[in-house]
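Asker: no sequence on this one, just coordinates:
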């Protein structure tokens, strides 16, 4: 008769035996975590994350009416040139608000990989190069990008008047009278398209400002919804919570391979240098020698992003921001001299990382293993200063790191994330 081993082998150990390759501690507890390591682990846990940071530049950021309007706008394909593209086209809730493609695809093909929106509300800088300092300013970029929505701001203002007048005016007050097409052309924007630019330049400064305010408010409503897209607790978080009370119970939540990967993450692999805090990101920019993509122009990353940020009329210090100048600390003290991040890209959150392939700013790596192998070997930076140094981890250690990263995926949350 075959014994029922599941009665006496812990579930996690049994799973490890079944899948093969995992090592578990028999007859003794695994090495204890030091006081310093426990402090670090607590700092990584989602339970230590505070409330969603306030956005003084967006007066409706936490207004439930704006959330409701923003959600409608997020899924509305009518806000695109071909009537087929919405924010949700690239930010799919079932994919943790990514799209599974190397490069985003809207009206055309975008030159960057779609970043997840989960927890983006915590970051002072948005997009891979940080060219926006708020979620609402970032939300405006795809709307007029010819490869994404391909729309323009006067067309969008007209759409808001036709489709969402009551919700808009309940939040922001009366819309401008857009009926006179000589003052407010059906299509116009300060963009590269010559016809759109000419139509925009033919408008008075007062009318341009009126359209810009509608455009900015559209972004603020979108941002109010996006602020509800937040991470949920993963198995790693359950492990940290259990470790505070019963270490024996905690060690049934991670396998020995996953635990070894966590120790590497905190130590030898140096991952935590950039991937720290409850969202596993320092919200900064680093040149990690990521290879280019054939057919795409050389991407200057953060250095180009800084220039766009400073020139953006929708930044925190701009005329469409609701913040007082002294509330725009990040932008006011932005470093613009010395090493300004040539070839550097934003450190993405590792929350849900195993479910959000491919990786890097242009989707250069299809799998987590490819990412780890890149960091393990170093690399050659196409431009700027390469911050990588070879880690010289063994194949087994790479397996362990990858196993740990699998523990950072939480269930889809209330907003679909």
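Answerer: Yep, it's here. This structure is a prediction, so every number in the text was calculated from the model and none was measured. Numbers count the residues shown, from 1 in each chain.
Asker: can you list contacts of stretch 201-209?
Answerer: Contact partners of stretch 201-209, identified using CB atoms under 8 Å, 6 or more residues apart in numbering, comprise 176, 183, 184, 185, 188, 190, 200, 211, 319. C-beta: built from backbone N, CA, C; applies to glycine.
Asker: count of residues packed around the fifth one?
Answerer: Residue 188 has 25 neighbouring residues, counting by other CB atoms under 10 Å.
Asker: what residue spans form the domains of this protein?
Answerer: What automatic domain parsing lists as the domains of the chain is 5-51+231-301+341-408, 64-226.
Asker: out of the ones you listed, indicate the one that is most buried.
Answerer: Burial of the domains of the chain is given as mean neighbour count (mean count of other CB atoms under 10 Å); domain 64-226 ranks first at a mean of 19.
Asker: now do it, average pLDDT.
Answerer: Mean per-residue pLDDT for domain 64-226: 97.
Asker: would you list every one of the helices in the stretch 1-150 of the chain?
Answerer: Per DSSP state H, counting those that start in this stretch, the stretch 1-150 of the chain carries helices over the ranges 11-19, 35-44, 64-74, 87-90, 135-144.
Asker: the following helix or strand past the last one - contacts with which helices or strands?
Answerer: The element immediately downstream of helix 135-144 (helix or strand, assigned by DSSP states H and E) is helix 153-163. In this structure, helix 153-163 packs against helix 135-144, helix 205-226, with contacts taken as 3 or more CB pairs under 8 Å, 6 or more residues apart in numbering; DSSP states H and E.
Asker: tell me the angle the helix or strand that helix 153-163 is followed by makes with helix 64-74.
Answerer: Sequence-wise, the next helix or strand downstream of helix 153-163 (DSSP H and E) is helix 165-172. Per axes from the mean of the first three to the mean of the last three CA atoms, to 10 degrees, the angle that helix 165-172 makes with helix 64-74 is 140 degrees.
Asker: can you give me the angle the following helix or strand past helix 165-172 makes with helix 205-226?
Answerer: Using DSSP H and E, the helix or strand that follows helix 165-172 in sequence is helix 194-201. For helix 194-201 against helix 205-226, the angle by the same axes, to 10 degrees is 110 degrees.
Asker: picking that back up, closest to residue 264 out of the helices of the stretch 1-150 of the chain?
Answerer: Within those, the stretch nearest residue 264 is helix 35-44; the backing value is 12.5 Å (CB to CB).
Asker: mean confidence for that closest one?
Answerer: The average of the pLDDT scores along helix 35-44 is 95.
Asker: same deal with stretch 315-331?
Answerer: Across stretch 315-331, pLDDT averages out at 97.
Asker: ends of that stretch, how far apart?
Answerer: This stretch, stretch 315-331, spans 8 Å end to end (CA to CA, to the nearest Å).
Asker: show me where the stretch 251-400 of the chain dips below the pLDDT cut-off.
Answerer: Within the stretch 251-400 of the chain, no range satisfies pLDDT under 70.
Asker: try it again with 80
Answerer: By pLDDT under 80, the weakly predicted segments of the stretch 251-400 of the chain are 337-340.
Asker: re earlier: turn the domains of the chain into JSON lines, columns for distance to residue 323.
Answerer: Formatted as JSON lines, the domains of the chain follow (distance: least, CB to CB, whole Å):
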{"stretch": "domain 5-51+231-301+341-408", "distance to residue 323": "18"}
{"stretch": "domain 64-226", "distance to residue 323": "9"}
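Asker: quick one, which of the ones you listed is nearest to residue 311?
Answerer: So among the domains of the chain, domain 64-226 is nearest, using CB to CB, at 9.4 Å.
Asker: you'd agree residue 106 is up against residue 144?
Answerer: No - shown here, residue 106 and residue 144 do not form a contact pair, counting by CB atoms under 8 Å, at 11.5 Å.
Asker: shared neighbours of these two, anything?
Answerer: Jointly contacting residue 106 and residue 144 under the rule CB under 8 Å, 6+ apart are residue 150.
Asker: quick one: which of the helices of the stretch 1-150 of the chain is nearest residue 347?
Answerer: The closest of the helices of the stretch 1-150 of the chain to residue 347 is helix 35-44. By CB to CB, the value is 14.2 Å.
Asker: and the closest one, what does it pack onto?
Answerer: Where contact means 3+ CB pairs under 8 Å, 6+ apart, helix 35-44 is packed against helix 235-243, helix 256-266.
Asker: just the mean pLDDT for the first one, thanks.
Answerer: Rounded to a whole number, the mean pLDDT of helix 235-243 is 96.
Asker: ok and it relative to helix 35-44, angle-wise?
Answerer: 130 degrees.
Asker: show me where the stretch 301-417 of the chain has strands.
Answerer: Taking DSSP state E, counting those that start in this stretch, the strands of the stretch 301-417 of the chain run over residues 345-346.
Asker: where do the helices of it begin and end?
Answerer: 302-311, 329-332, 368-377, 395-405.
Asker: residue 150: which of those is closest?
Answerer: helix 302-311 (19.3 Å).
Asker: kindly provide the distance from residue 238 to residue 410.
Answerer: From residue 238 across to residue 410, the span is 10 Å (CB to CB, to the nearest Å).
Asker: now residue 149
Answerer: According to CB to CB, residue 149 stands 30 Å off from residue 410.
Asker: repeat for residue 212
Answerer: Plainly put, residue 212 is 38 Å away from residue 410 if you go by CB to CB.
Asker: repeat that for residue 276.
Answerer: 18 Å.
Asker: then residue 308?
Answerer: Separation of residue 308 from residue 410 (CB to CB): 33 Å.
Asker: more crowded one of these two?
Answerer: A count of neighbours by other CB under 10 Å puts residue 410 above the other of residue 308 and residue 410, at 22 against 15.
Asker: how close does the more buried one sit to residue 230?
Answerer: Using CB to CB, residue 410 is found at 10 Å from residue 230.
Asker: then residue 153?
Answerer: 29 Å.
Asker: go on, residue 386?
Answerer: With CB to CB as the criterion, residue 386 and residue 230 are 34 Å apart.
Asker: quick one: contacts for residue 104?
Answerer: For residue 104, the contact set (CB under 8 Å, 6+ apart) comprises 90, 110, 112, 113, 114, 147, 148.
Asker: cool, and residue 375?
Answerer: 269, 288, 388, 391.
Asker: between those, which is closest to residue 160?
Answerer: Residue 160 has its nearest neighbour among these in residue 288, at 40.6 Å by CB to CB.
Asker: that closest one reaches residue 380, doesn't it?
Answerer: No - applying CB under 8 Å, one finds residue 288 not in contact with residue 380, separated by 11.3 Å.
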